[in-house]
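Peer 1: This is a predicted model, with the sequence first.
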Amino acid sequence: MKKNSRSSMAPLWIAGPVAVAAASLLCLSALAASPVAPTPLGSVPEASQLPRAEFVFEERVTLSPAVVLGETALGHRQYIPITGGKVAGPKLNGEVIPGGWDFQLRYASGCGLLSADYFLKAVDGTVIHVFNEGFSCGAPGSERTYTRPRFEAPKGPHEWLTRGTFVATIELDNPPGAAAPAGQPPKLEAIRIKFYQIK
């Protein structure tokens with residue numbers, strides 16, 4: 001019985017690898033029959049493959065006057081306290097919680113870094129952490145500034161913020177007719193930040 005049992009199982013033991021190899025050969029033959037030429041390295045992707053930016057919400061962030069440290073070994077350092085603000089848009093509404101900061105370092109070249117660290121509160125009471133970084137050159141307000149925001153939201157309906165990839169633009173929001181002393185930049189009371197999710 002043992003001899004018959006062993007010989008009857010042998011074809012099953014061999015059949016597995018043979019079947020896999022045969023299936024692989026069939027797949028390779030099909031690919032060879034209709035080859036798809038790879039695109040050259042560096043080719044512009046088709047429009048359907050390009051990332052798109054979807055506007056998700058906007059903040060109007062109110063600010064206190066800048067606290068200036070002055071010239072350091074790294075550059076001109078200052079920070080601006082965040083006093084509050086509003087959040088509105090198709091995907092998030094709420095308020096900016098007072099108490100955050102906008103840290104700024106401007107180099108002698110005129111370019112500079114900014115990093116803002118603060119919190120939002122959605123209309124449902126959810127608190128969301130925002131860390132927003134950017135790099136720009138030129139005088140403040142003279143060019144459009146792009147930043148790379150990151151969010152940390154608790155698990156739940158706002159978790160898409162933690163998981164998503166975003167870009168933002170910053171615009172100065174001075175009151176109409178605001179005048180500044182000669183040679184001084186206008187007093188900055190608020191900024192507007194538009195957030196876009198990359199998809």
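Peer 2: Here it is on my side, so go on. Numbering: from 1, shown residues only.

Peer 1: Any buried residues in stretch 61-79, and which?
Peer 2: 61-63, 77, 79 (16 or more other C-beta atoms under 10 Å). Where C-beta positions appear, they are placed from N, C-alpha and C, glycine not excepted.

Peer 1: with those residues in mind, which one is nearest to residue 197?
Peer 2: Of all the buried residues of stretch 61-79, residue 61 has the smallest distance to residue 197: 19.2 Å, by C-beta to C-beta.

Peer 1: which residues are in contact with the helix or strand containing residue 147?
Peer 2: Using DSSP states H and E, residue 147 falls within strand 145-152. Applying C-beta atoms under 8 Å, 6 or more residues apart in numbering, the contact partners of strand 145-152 are 114, 128-134, 136, 161-162, 164, 166-170, 193, 195.

Peer 1: Now do the contacts for the nearest residue to residue 193 once chain neighbours are set aside.
Peer 2: Leaving aside its chain neighbours, residue 193 sits nearest to residue 59 (4.6 Å; criterion: C-beta to C-beta, 6 or more residues apart in numbering). Each residue near residue 59 by C-beta under 8 Å, 6+ apart is listed here: 85-87, 96, 120, 192-193, 195.

Peer 1: beta partners for the residue nearest in space to the middle of the chain?
Peer 2: In the chain, the C-alpha nearest the mean C-alpha coordinate belongs to residue 166, at 2.6 Å (C-alpha atoms, centre = their mean). Here residue 166 sits in beta bridges with residue 197, going by DSSP bridges.

Peer 1: can I assume it is in contact with residue 196?
Peer 2: Yes. The pair residue 166 / residue 196 is scored as a contact, 6.4 Å apart, by C-beta atoms under 8 Å.

Peer 1: Now the common contact residues for these two.
Peer 2: residue 56.

Peer 1: could you point out which element follows the lowest-mean-pLDDT helix or strand in the chain?
Peer 2: One helix or strand of the chain scores below all others by mean pLDDT, DSSP states H and E: helix 2-33, with a mean of 53. For helix 2-33, the following helix or strand on the C-terminal side (DSSP H and E) is strand 53-63.

Peer 1: Which strands or helices does the following helix or strand past that following strand pack on?
Peer 2: For strand 53-63, the following helix or strand on the C-terminal side (DSSP H and E) is strand 67-71. Where contact means 3 or more C-beta pairs under 8 Å, 6 or more residues apart in numbering; DSSP states H and E, strand 67-71 is packed against strand 76-88.

Peer 1: On the strand side of things, show who residue 122 bridges to.
Peer 2: Here residue 122 sits in beta bridges with residue 94, as judged by DSSP bridges.
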